[in-house]
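*Asks:* Return a 3D structure for these sequence lines:
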Amino acid sequence: MFGIPGKQAVTMTPKASQQIRKLMERDGASALRIGLKKGGCAGMEYTMDFVETPDDNDEIVEQDGARVAIAPMAQMFLFGTEIDYKTSLLESGFTFQNPNVTDACGCGESIKFKDVAELQAEREG
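*Replies:* The predicted structure is shown next:
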């Protein structure tokens, strides 16, 4: 695991945890698994999938009955992120307030992160 002992990698707003819990129940899932993949104009994109069983190396965050599994390769990049769920007239969905993002595309679907060495230095110091 990558992070600070005693501190959760991500937090969820009440709206996010309520929506995750609702979708877990609907889909019969034990967790929402969050990861990253290469893509988009800024370089990386979040992935989200409901899973029956998280992988052994996933970091598990539980809050208000919601359970999030963070894929190993995403743990360093998601540390300190707040997950929210927003609803508007035109759309609804999860949003990520991630302090490790240095750039995002105009549509908000693609992100760019700080350098790995910079992230590690921040966690250690």
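*Asks:* which residues of this structure fall in strands?
*Replies:* 10-12, 31-39, 43-51, 59-63, 66-70, 81-87, 92-97, 101-104, 111-113 (DSSP state E).
*Asks:* Check these for me and report the most buried one.
*Replies:* Neighbour counts (mean count of other C-beta atoms under 10 Å) averaged over each of the strands of the chain peak at strand 66-70, with a mean of 24. C-beta coordinates here come from the backbone N, C-alpha and C atoms, glycine included.
*Asks:* now the angle from that one to strand 81-87?
*Replies:* Counting by axes from the mean of the first three to the mean of the last three C-alpha atoms, to 10 degrees, strand 66-70 lies at 130 degrees to strand 81-87.
*Asks:* Identify the residues contacting strand 66-70?
*Replies:* 9-10, 12, 16-18, 20-21, 24, 30-35, 51, 54-55, 58-62, 78, 83 (C-beta atoms under 8 Å, 6 or more residues apart in numbering).
*Asks:* Could you dump the strands of the chain into JSON lines and include mean pLDDT?
*Replies:* JSON lines is the format used below for the strands of the chain (pLDDT from 0 to 100):
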{"stretch": "strand 10-12", "mean pLDDT": "94"}
{"stretch": "strand 31-39", "mean pLDDT": "90"}
{"stretch": "strand 43-51", "mean pLDDT": "87"}
{"stretch": "strand 59-63", "mean pLDDT": "94"}
{"stretch": "strand 66-70", "mean pLDDT": "96"}
{"stretch": "strand 81-87", "mean pLDDT": "93"}
{"stretch": "strand 92-97", "mean pLDDT": "89"}
{"stretch": "strand 101-104", "mean pLDDT": "72"}
{"stretch": "strand 111-113", "mean pLDDT": "61"}
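*Asks:* what about the residue most central in space within the chain, distance to residue 28?
*Replies:* Computing the C-alpha centroid of the chain and ranking residues by C-alpha atoms, centre = their mean puts residue 34 first, at 5.0 Å. Noted for residue 34: a distance of 19 Å to residue 28, by C-beta to C-beta, to the nearest Å.
*Asks:* Likewise for residue 36?
*Replies:* The value you get for residue 36 to residue 28, if C-beta to C-beta is used, is 25 Å.
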